[in-house]
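after the sequence you'll find the predicted model.
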Amino acid sequence: MNAAASSFPELSPLPSIPPALRPAPANEFLSTPEFELLLVCTREISGLERAGRASSIISAGLDWDRVLQLAEHHRLVSKVYESLCTLPVVPARFLERLGARYRANARQALWLTSELIRIVDDFESRQIEVLPYKGPALAQILYGDVSGRQFGDLDLLVRQADVARAKAALIDLGYRRSLPFTESQEKWYLKSGYEYPFDSAYGRNLVELKWRILPRFYSVDFDVDAMFGRATALPLAGRSLRTFCAEDLLLVLCVHAGKHAWSRLDWLGDISRLARQELDWGAVEKQSKALGIERIVAVSFVLAQRVLGAPLPEKIRESLPGDWRSGRVAGEIVPLLANGADYDTGSIRYFRLMMRARERWQDRARFLWRLAFTPTAGDWSALQLPQALFPLYGFRRMLRLPGKLGKSLRF
């Protein structure tokens, strides 16, 4: 272990958790000084302590290109720049490159925020209820500043009945649909899909119009109408928007991170930061149990504790001794975070992870069934069938899936 790694103290074990579930020392997996520097910039510690730890790591020598790659991958450019910009030991050339990205992210955040206001105003004029989440809304909730976290698109949730009108509104505002479906295909896609991405002259997939939180085959069926009913007001850019209540937002952030195999630090940071706000943990526990995502929530917090040193909420701590698999899943993810790598979401290994992340056998069975028979946007786009034969898309999916998974067979 190099000198930089040894500068990290071990995390204190939690006495109420059995030894098998206790958080691993930070140094056990986080072996590169570049990643450890990222953690120093991300963890909730004092500015003086952060400067001391960062200077110690930097003095041992770093691959600054790798630091930049990791900051981009984990969407932590803003945090890394703000943490390092005043340290004299940081090379000027690196700060120049990082600062350029920092300013570009700030400009993008402000532009996307103005676009969000424009879209919401237009939706409201058409009496379309919409809940923006993640993006500028989440940055405002967590940091009180839309440039406080890095994001590159807008996520908008509408009711399924309003999708057609919302699509028309976005097109009138100058956006283009990314999915070239016929009118008949779109009606069927509403039943099996969950989002429409939209492009503009400024970039691809800048707006994601959703009527579900996750693709249907993940078998996490949020009650969208109930989420609209629990929505709260959020002041943003001089006006008031509606977004998820804090409890719904926490669960959405956990399942979103789980969907991507928890492969980015910013997702864990968002979850742990939101958890420090005043939440109804009884409601969180009740809804996560009803949705069958208690393990997904637990893994999210175990990872935040192991990697970022974030405290475990009491409800999560109480649940861990009865579910040792949460610690196992988290242990598999930690090296992935340190390496700055993504899971191959088309691999058997990934789908096995998604199975192990669910605590109820019926959710795992429903996941497999829907995975086999629910056509994706790619399935709809790859083959044009007459409307009378649309049910065959599901069977085509079932026949093609083994071949797709076989190409990436990795255990």
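That came through fine.

rest of the way, CA atoms for contacts and neighbours
Will do.

which parts of this structure are strands?
For the chain, applying DSSP state E gives strands covering 131-133, 154-157, 176-177, 195-200, 203-210, 232-236, 239-243.

closest to Leu95 out of the ones you listed?
Distance to Leu95, taken as CA to CA, is lowest for strand 203-210 among those, at 26.6 Å.

what is that closest one packed up against?
strand 154-157, strand 195-200 (3 or more CA pairs under 8 Å, 6 or more residues apart in numbering; DSSP states H and E).

compute the number of surrounding residues for the residue nearest to Gly258 when sequence neighbours are not counted.
The spatial neighbour of Gly258 that comes closest, neighbours along the chain excluded (CA to CA, 6 or more residues apart in numbering), is Ile296 at 6.3 Å. Ile296 sits with 28 neighbouring residues when counted by other CA atoms under 10 Å.

what do you get for Tyr133?
Look at Tyr133: counted by other CA under 10 Å, it has 20 neighbours.

correct me, but it touches Phe151?
No: Tyr133 is not in contact with Phe151 according to CA atoms under 8 Å; the separation is 11.5 Å.

let me know the pLDDT of Gln69.
For Gln69, the pLDDT comes out at 96.

mind checking how far it is from Asp270?
Distance, Gln69 to Asp270, using CA to CA, to the nearest Å: 20 Å.

which of these two has more residues huddled nearby?
Asp270 (20 against 14).

next, the contact list for the more buried one, please.
By CA atoms under 8 Å, 6 or more residues apart in numbering, the contact set of Asp270 is 142, 253.

ok, it to Ser300 distance?
11 Å.

Pro311 against Gln305, yeah?
Yes: counting by CA under 8 Å, Pro311 does reach Gln305; the two are 5.9 Å apart.

so for these two, which sits in the more crowded spot?
Per other CA under 10 Å, whichever of Pro311 and Gln305 has more neighbours is Gln305, with 21 against 16.

next one: the more buried one from Gly331, what distance?
Counting by CA to CA, the gap from Gln305 to Gly331 is 12 Å.

report how many residues lie close to the closest residue to Leu265 other than its chain neighbours.
Among residues not flanking Leu265 along the chain, His74 sits closest, at 5.3 Å (CA to CA, 6+ apart). For His74, the neighbour count with other CA under 10 Å is 18.

for His74, phi and psi?
When read as degrees, to the nearest 10, the backbone of His74 gives phi -90, psi 10.

that one touches Arg264, doesn't it?
Yes: under the criterion of CA under 8 Å, His74 makes contact with Arg264 at 4.7 Å.
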